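> Next comes the sequence, and after it the predicted model I'd like to discuss.
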Amino acid sequence: MLCGSLFSQTKTISAIKISQAPKIDGNLSDPAWAQAPVLTDFIQNFPDYGKPCSKPSEVKVLYDNSAIYVSAHLFDDPKLIGRQITARDGEAQTDVDYFSVFFDTYEDHQNGFQFLVTTANVQSDARLGPNLGGMFSSGDKTWDAVWESQVTMNADGWSVEMRIPYISLRFSKKQVQDWGIQFLRFIRRTNENSYWNPVDPKVGGFVNQFGQLKGLENIEPPLRLSFSPYVTTGYRSTPVKNNEYQNEWLRNGGMDVKYGISEGFTLDATLIPDFGQVVSDNVVNNLTPYEVRFQENRQFFTEGTELFNKAGLFYSRRVGATPTGFYASRAMADADPNLEIVKNPGVTQLLNAVKFSGRTRKKLGVGIFNAVTSPMYSILRDKTTGVETKTETEPLANYNILVLDQAFKDRSYITFTNTNVMRNGAARDANVSAFDVALYDRSNNYALNGTVRYSKIWGTNPYDGYNVTMRYGKVSGNWQYSFTGNVESENYDPNDLGILFAANEISYKGAVSYRQFKPTRSFITYSYGINSKLTYLYKPYAFNKIDINPTLFLVFNNFWDITLNAYLTPGWTRDYFELRTPNRYLKLPTNSILEASGSSDSRKKLFISFNGSYAWAPKYDNSYTSMGLGFRYRFSNKFTLSLQGDSRTENNQLGYAFERELNGDPLVAFRDNKEFVSVLSGIYNFNSRTNLTIRARHYWNRVTYNSIHGVQLDGMLRPHAFISGKDENVNLFNLDAFFTWDFRLGSKIVIGYKNALGDLESVNLTGKNTYIRNLGEVFSLRHGNEVTIRFIYFLDYNQLRKKH
């Protein structure tokens with residue numbers, strides 16, 4: 001049942017409640033579907049907004065007290081339908097068609113859920129929110145729910161059935177309720193995105209452009225309670241000094257629990273979790289003053305955390321990080337040949353973690369997060385006396401987050417966030433409180449955003465700080481612009497549970513852009529714009545730099561794309577962070593950067609991506625060149641292999657020399673810095689629920705020091721005697737392989753193998769020092785190896801009750 005025109009009004013359907021659920025087998029002949037109205041008339045969003053979908057689609061929706069049911073008959077020529085088998089959540093830029101349903105269960109036009117099925121019956125799911133998604137994505141796909149789907153290929157296309165249990169959704173408790181609803185169809189061979197309720201690319205936001213599912217009545221869902229117990233075992237061999245290996249059996253067991261306290265609130269808990277089977281980090285030789293941010297790969301910390309990170313204050317890698325005393329203990333053992341390491345864990349053990357989140361009928365979102373990590377100890381043994389010394393490397397710690405998020409009309413909201421870290425003993429404690437506000441006008445054309453944050457650190461040297469941001473901009477239409485002001489005080493510090501590379505800054509930023517959404521003779525879409533940023537030091541208030549950044553993005557009619565960027569920093573700048581010394585700065589001359597990146601048509605078996613940049617600062621004879629080239633080849637619908645290589649070379653790079661003068665003043669150096677990274681990855685999908693993935697990464701970095709200099713109080717350089725022995729030749733290697741079998745809904749067996757170059761191993765070459773020679777030498781050195789097997793079994797309380 002539809003009402004209204006396609007563009008002037010929101011499409012609406014009436015909810016149909018059933019007493020007998022359809023069988024989920026991909027066959028749409030089940031009598032239950034005869035009761036549902038047929039939804040048609042999908043409208044393109046890309047590549048040509050406003051045109052009807054090139055192929056007909058028929059969608060139906062039903063519900064009962066257990067689940068929402070969705071079916072779709074997607075008409076097409078079966079010979080032309082993309083059918084590549086992918087990993088879960090891996091359908092982007094692959095040769096596969098898919099269908100998706102979206103729900104805005106609170107009808108707040110901001111938050112929601114996505115459930116997607118490909119022609120190979122591979123599932124994807126995502127949480128939707130105001131700060132999630134991008135041009136070709138709609139949400140956070142790290143969230144995985146348990147739901148059913150089946151697909152069949154027909155003479156006139158393909159069909160899909162989906163059963164989405166209420167355990168995978170959250171909604172308010174009302175006798176009669178309306179939900180936002182949306183459907184998406186993607187046809188790969190034409191790269192055509194079509195929605196049931198039109199999604200105008202010129203309009204800011206996505207969830208606010210859903211249709212309506214009206215009249216869901218008297219939903220009485222069963223108890224939402226599930227358990228996922230797991231056991232893990234394995235063997236690890238790690239190279240240690242004196243050409244020895246430390247060998248250990250790995251064993252662990254725990255459980256994940258999900259409990260629906262009400263229709264709108266869910267409690268997630270993990271007890272004694274084991275995160276060993278995750279992809280290795282992309283570690284680099286970091287010469288900058290800033291921390292390297294690593295991707296989160298642990299499932300508990302990626303699923304359903306969008307509310308906790310709405311303020312950007314939750315960097316989950318803080319929980320269970322490397323113990324702060326790990327490297328000191330290792331250095332002590334390395335420095336004394338008579339000491340050996342008995343125990344020195346490189347990861348802090350997480351004892352348990354809990355997430356409580358949901359939203360009330362008044363659209364108030366509530367989130368509570370708590371995690372407790374165990375105290376960690378290193379044990380060093382004196383080989384002569386046998387005496388063992390036990391040292392605490394990380395105290396017992398308690399991590400907490402509280403979020404209150406009130407959604408209003410017109411995409412507006414106000415959010416309060418508090419993060420807190422409490423550590424045992426005299427170790428430092430930390431607290432950050434924040435308010436975030438977003439106000440949109442009724443026409444959804446303009447927005448005013450503001451943030452206020454206050455941080456407080458307790459310990460030996462307590463301190464506090466604040467951060468205030470204000471942004472106003474036009475958020476819809478072809479032309480968009482924004483003005484932003486940001487103040488970070490000298491001692492603002494959210495880094496105990498968040499991440500901030502550098503505080504003590506005031507910045508003013510302006511941006512304007514234009515985007516063409518309708519195809520032209522040469523382009524499917526294109527955009528261009530310019531950003532400018534003026535930065536000062538907060539204390540003492542002093543000029544830092546000006547950045548000007550024009551950009552151009554083009555998508556050609558053959559679906560190749562290219563992005564061009566230029567960065568200009570005119571005049572001398574003051575870098576207050578490179579010297580790692582308070583109130584001291586390094587003056588850097590005018591520099592310019594040109595960047596280009598792009599990719600070929602991802603529908604083809606061979607997909608190519610490329611990037612390159614060139615930068616120069618003539619005053620110091622400094623130049624930077626980078627080149628990257630990636631290849632992905634689809635051998636079949638089951639097997640894909642990718643190779644990515646990236647080279648970066650900077651001649652006469654000026655930076656901190658990691659040395660100081662006798663009076664403590666910092667020294668800097670001109671150095672040649674060459675870096676090359678290669679990544680080989682592949683996936684073989686046996687079927688939609690079983691796959692083998694492999695990823696090998698080699699990183700090489702050669703640093704050659706040319707000269708050493710002192711730094712005057714005005715930031716300029718002065719001569720200094722050369723310090724020899726500082727050149728570096730760094731090699732890092734990791735291999736990760738995982739066989740995953742999802743043998744039933746929510747249950748899986750994972751066999752993992754990890755190989756890594758030992759921490760104590762180094763490549764020492766005479767003669768020409770090249771990447772190829774380093775790569776060859778890596779395989780002659782000692783490597784650590786780890787083999788694990790993990791068994792996870794999903795138990796639904798309601799299924800257990802039925803059986804017994």
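Yep, that arrived.

> can you map out the helices along the protein?
299-302, 326-335, 771-778, 797-803 (DSSP state H).

> Mean confidence (pLDDT) on stretch 677-685, please.
Stretch 677-685 carries an average pLDDT of 97.

> Now find how far off-centre that stretch is within its chain.
Relative to the centre of its chain, stretch 677-685 is centred 19 Å away, using C-alpha atoms, centre = their mean, to the nearest Å.

> From Val199, how far off is the residue nearest the centre of the chain?
The centre of the chain sits closest to Gln295, judged by C-alpha atoms, centre = their mean, with a distance of 6.1 Å. Gln295 sits at a distance of 29 Å from Val199 (criterion: C-beta to C-beta, to the nearest Å). Every residue, glycine included, has its C-beta placed from N, CA and C.

> Which parts of the stretch 51-200 of the chain are strands?
Remark: strands assigned in the stretch 51-200 of the chain by DSSP state E, counting those that start in this stretch are 57-63, 67-75, 98-104, 112-118, 123-128, 148-154, 157-165, 176-187, 192-195.

> List the contacts of the fourth one.
It stands for strand 112-118. The contact list for strand 112-118, computed with C-beta atoms under 8 Å, 6 or more residues apart in numbering, reads 70, 86, 91, 96-105, 123-129, 138-139, 145, 147, 149, 151, 160, 162, 164, 168-169, 180, 184, 207, 210.

> before we move on, what about the last one?
Counting by C-beta under 8 Å, 6+ apart, the neighbours of strand 192-195 from elsewhere in the structure are 42-47, 53-54, 57, 182-187, 209.

> wouldn't Glu388 be in contact with Ile379 here?
Yes. Counting by C-beta atoms under 8 Å, Glu388 does reach Ile379; the two are 5.4 Å apart.

> Touching both of those two, which residues are there?
Val342.

> Do I have it right that Val668 meets Val711?
Yes. Using C-beta under 8 Å, Val668 is in contact with Val711, at 5.9 Å.

> anything in contact with each of those two?
In contact with both Val668 and Val711: 579, 586, 717, using C-beta under 8 Å, 6+ apart.

> Which ones among these lie within strands?
586, 717 (DSSP state E).

> tell me which residues of the least confident helix or strand in the chain by mean pLDDT are tucked away?
Least confident element among the helices and strands of the chain, by mean pLDDT, DSSP states H and E: helix 797-803 (a mean of 75). Across helix 797-803, burial judged by 16 or more other C-beta atoms under 10 Å covers 797-798.

> Then stretch 166-181?
So for stretch 166-181, counting by 16+ other C-beta under 10 Å, buried means 166-172, 177-181.

> any idea of the mean pLDDT for that stretch?
Per-residue scores along stretch 166-181 average to 90.

> Distance from that stretch to the middle of the chain?
28 Å.

> Ok, stretch 685-704 next?
On C-alpha atoms, centre = their mean, the centre of stretch 685-704 falls 17 Å from that of its chain.

> go on, stretch 205-222?
28 Å.

> first vs last residue of it, how far apart are they?
Stretch 205-222 has an end-to-end distance of 34 Å (criterion: C-alpha to C-alpha, to the nearest Å).

> got it, and stretch 345-353?
End-to-end distance (C-alpha to C-alpha), stretch 345-353: 20 Å.

> Could I get the average pLDDT for that stretch?
Rounded mean pLDDT across stretch 345-353 is 90.

> contact partners of that stretch?
Contacts of stretch 345-353 (C-beta under 8 Å, 6+ apart): 269-273, 275, 300-301, 319-323, 326, 369-374, 376, 378, 393-394, 397.

> Please pick the buried ones from the residues you listed.
So, of the contacts of stretch 345-353, 269-270, 273, 275, 300-301, 319-321, 323, 326, 369-374, 376, 378, 393-394, 397 end up buried under the neighbour-count rule (16+ other C-beta under 10 Å).

> Skip the chain neighbours and tell me the closest residue to Tyr399.
Ala371 (4.5 Å; C-beta to C-beta, 6 or more residues apart in numbering).

> Apologies, that question was intended for Asn591.
In space, Asn591 is closest to Ala617, 3.9 Å off (C-beta to C-beta, 6+ apart).

> Of the helices of the chain, which is nearest Glu248?
Among the helices of the chain, the nearest to Glu248 by C-beta to C-beta is helix 326-335 (16.6 Å).

> what's that closest one packed up against?
Packing contacts for helix 326-335, counted by 3 or more C-beta pairs under 8 Å, 6 or more residues apart in numbering; DSSP states H and E, involve strand 339-343, strand 376-382, strand 388-394.

> Okay, angle between the second one and strand 388-394 too, please.
Calculated by axes from the mean of the first three to the mean of the last three C-alpha atoms, to 10 degrees, strand 376-382 forms an angle of 160 degrees with strand 388-394.

> rewinding a little: mean pLDDT lowest where, among the strands of the stretch 51-200 of the chain?
strand 123-128 (a mean of 92).

> which residues sit against stretch 416-427?
Residues from elsewhere that reach stretch 416-427, judged by C-beta under 8 Å, 6+ apart: 308, 310-311, 313-314, 318, 375, 395-405, 429-436, 459-460, 494, 496-498.

> Emit the PyMOL select command for whichever of the residues you listed are buried.
Here is the PyMOL command that selects the buried residues among the contacts of stretch 416-427 (16+ other C-beta under 10 Å):
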select buried, resi 308+310+311+313+314+318+375+395+396+397+399+400+401+402+403+405+429+430+431+432+433+434+436+494+496+497+498
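
> So which of the contacts of stretch 416-427 belong to strands?
Using DSSP E, the contacts of stretch 416-427 in strands are 397-405, 429-436.

> before we move on, the earlier item: CSV for the helices and strands packed on helix 326-335, including distance to Phe610?
Listed next are the helices and strands packed on helix 326-335 as CSV, based on distance: least, C-beta to C-beta, whole Å:
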stretch, distance to Phe610
strand 339-343, 45
strand 376-382, 44
strand 388-394, 43
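
> Just grab the bridge partners of Ser57 for me.
Judged by DSSP bridges, the bridge partners of Ser57 are Leu74.

> Make sure it is actually in contact with Ile43.
No. Counting by C-beta under 8 Å, Ser57 stays clear of Ile43, with 10.8 Å between them.

> hang on, the earlier thing: tell me which of the helices and strands packed on helix 326-335 lies nearest to Leu534.
Closest to Leu534 of the helices and strands packed on helix 326-335, according to C-beta to C-beta: strand 388-394, at 40.8 Å.

> Run me through the strand neighbours of the closest one, direction for each.
In the sheet, strand 388-394 lines up against strand 376-382 (antiparallel) (DSSP bridges).

> what residue ranges in this structure score low on pLDDT?
Along the chain, the parts satisfying pLDDT under 70 run over 1-8, 132-138, 276-277, 803-804.

> mind redoing it with 80?
Counting by pLDDT under 80, the chain shows low-confidence ranges at 1-9, 131-140, 222, 241-242, 273-277, 297, 299, 302-304, 766-767, 798-804.

> for stretch 159-174, how far is the first residue from the last?
Span of stretch 159-174 from end to end, C-alpha to C-alpha: 33 Å.

> Next: stretch 71-87.
End-to-end distance of stretch 71-87 (C-alpha to C-alpha): 23 Å.

> what number of residues lie near the residue nearest to Val203 when sequence neighbours are not counted?
Spatially, and ignoring its direct neighbours in sequence, Val203 is nearest to Ser476 (5.1 Å; C-beta to C-beta, 6+ apart). Using other C-beta atoms under 10 Å, Ser476 has 19 other residues around it.

> from what I can see Ser476 touches Asp441, true?
No. Counting by C-beta under 8 Å, Ser476 does not reach Asp441; the two are 9.9 Å apart.

> Can you tell me how far Tyr624 is from Arg702?
From Tyr624 to Arg702 the distance is 15 Å (C-beta to C-beta).
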